[in-house]
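# Sequence plus the predicted model coming up.
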Amino acid sequence: GKVLVNDQLIERTEAVIDIEDRGYQFGDGVYEVIRVYDGDAFTAEEHLDRFLQSAEKIKMKMPYDKQQMLDFIDLLIKENHLHDGSIYMQVTRGTTSRNHIFPGNDIKPVLTAYTKEVERPKEKLENGVKAMVADDIRWLRCDIKSLNLLPNVLAKQEAMEQGCYEAILHRDGTVTEGSSSNAYVVKDGKVMTHPATNLILNGITRQVILQLCQANQIPVTEEAFQLEDLRTADEIFISSTTSEVMPVVQLDGQSIGDGKPGPLTKKLQTLFQEKIEAVKTQ
Ligand code: PMP
């Protein structure tokens with residue numbers, strides 16, 4: 001397939017990244033994953049806004065503006081004939097002789113992007129998934145979508161080894177988010193999720209879900225909750241670009257509710273599905 005390296009669309013086999021790229025050596029960069037439904041990038045502007053914000057937060061000057069990047073996305077979709085899948089996009093602080101200190105302005109950031117065909121996780125969305133609880137050992141700027149994912153990788157690996165789809169993280173008993181998702185509990189008909197502070201990534205899917213709740217009179221609060229609330233929740237779900245609104249039906253081996261996706265989770269899945277279709281017909 002065709003991939004983007006800076007503003008050049010080239011064959012993937014022709015793409016070359018230097019061994020002293022700062023993304024490779026320091027994880028010095030930021031990224032985004034954007035979902036494509038039926039050939040259209042879903043909430044692309046929101047993702048690009050967050051991409052630009054992440055770059056700014058690490059004091060990196062993005063080499064392209066939002067419109068240029070929207071054009072890159074369209075080009076990648078067209079050239080790869082992408083129908084359903086995702087676009088991965090990252091930018092690093094560029095290539096120079098290894099040194100922690102930022103390079104000078106003569107060194108340009110390196111943008112790379114590529115597409116991938118991915119099916120929607122239909123079976124999991126319908127039946128729900130298992131999750132486990134793990135310590136949140138990450139740094140204090142989880143609001144930045146940084147390339148440094150080692151704690152997330154370790155948590156996800158542990159989840160997989162325990163037969164779970166996701167690890168839901170907590171700091172001293174306060175639930176933050178999943179290793180690659182946001183986390184929610186439903187109690188007495190009310191949805192709760194951690195506020196968008198430095199301790200979580202403010203998911204684009206999370207923002208869509210909050211809007212859907214507000215537009216449909218579903219009570220929702222951005223309020224931190226405890227492990228105890230998670231274990232005794234009526235419903236749990238997680239959200240992300242690729243997992244959408246994903247029911248969690250088992251936590252650390254214990255059934256949540258009656259062990260099936262709950263009514264509010266299913267309602268939000270329906271609303272989310274309608275949102276995808278609404279965007280398509282625009
Ligand atoms: N939190 C973390 C730590 C993530 O990695 C992700 C997915 N990239 C999310 C939340 C969900 O964000 P989004 O809905 O924008 O995919």
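Done, it's in.

# give me every residue that touches Asn216.
Asn216 is in contact with 267, 271, counting by C-beta atoms under 8 Å, 6 or more residues apart in numbering. Where you see a C-beta, it was placed from the backbone N, CA and C, and this is true even at glycine.

# One more pass at 7 Å, please.
By C-beta atoms under 7 Å, 6 or more residues apart in numbering, the contact set of Asn216 is Leu271.

# Could you do Gly1 as well?
12, 80, 114-115.

# Dump these to TSV, plus pLDDT.
Output for the contacts of Gly1, formatted as TSV (pLDDT from 0 to 100):
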residue	pLDDT
Arg12	98
Asn80	98
Tyr114	98
Thr115	98
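
# Can you flag the buried ones in these?
Neighbour counting by 16 or more other C-beta atoms under 10 Å classes 80, 114-115 among the contacts of Gly1 as buried.

# Tabulate the residues you listed (TSV), appending secondary structure and distance to Val175.
Putting those into TSV (DSSP: H, G, I helix; E, B strand; the rest coil; distance: C-beta to C-beta, whole Å) gives the following:
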residue	secondary structure	distance to Val175
Asn80	coil	38
Tyr114	strand	33
Thr115	strand	33
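
# tell me, which of those residues make contact with the ligand?
The subset of those lying close to the ligand, counting by C-beta under 6 Å from any ligand atom, is empty.

# Val248 is in contact with Ser239, isn't it?
No - counting by C-beta atoms under 7 Å, Val248 does not reach Ser239; the two are 10.8 Å apart.

# okay, the two: which has more neighbours?
Val248 (28 against 24; other C-beta atoms under 10 Å).

# Quick check: that one is in a strand.
Yes - counting by DSSP: H, G, I helix; E, B strand; the rest coil, Val248 is found in a strand.

# Distance of it relative to Ala183?
8 Å (C-beta to C-beta, to the nearest Å).

# Overlap of the contact sets of the two?
A shared contact of Val248 and Ala183, defined by C-beta under 7 Å, 6+ apart, is any residue touching both; here these are Ile238.

# Regarding Gly257, what is its secondary structure?
Here Gly257 takes the coil state, with states given by three-state DSSP.

# what's the neighbour count on it?
Neighbours around Gly257, by other C-beta under 10 Å: 17.

# count of neighbours near Asp135?
Under the neighbour criterion other C-beta under 10 Å, Asp135 is assigned a count of 12.

# Mean confidence (pLDDT) on the helix ranked longest in the chain, please.
For the chain, the helix that runs over the most residues, judged by DSSP state H, is helix 263-280. This predicted structure assigns helix 263-280 an average pLDDT of 95.

# Okay, and Val30 sits in which element?
With the criterion set as DSSP states H and E, the secondary-structure element containing Val30 is strand 29-37.

# can the very next helix or strand once past that strand be found next to the ligand?
Towards the C-terminus, the helix or strand next in line after strand 29-37, according to DSSP H and E, is strand 40-41. No - contact of strand 40-41 with the ligand is not found when judged by C-beta under 6 Å from any ligand atom; the minimum separation is 13.0 Å.
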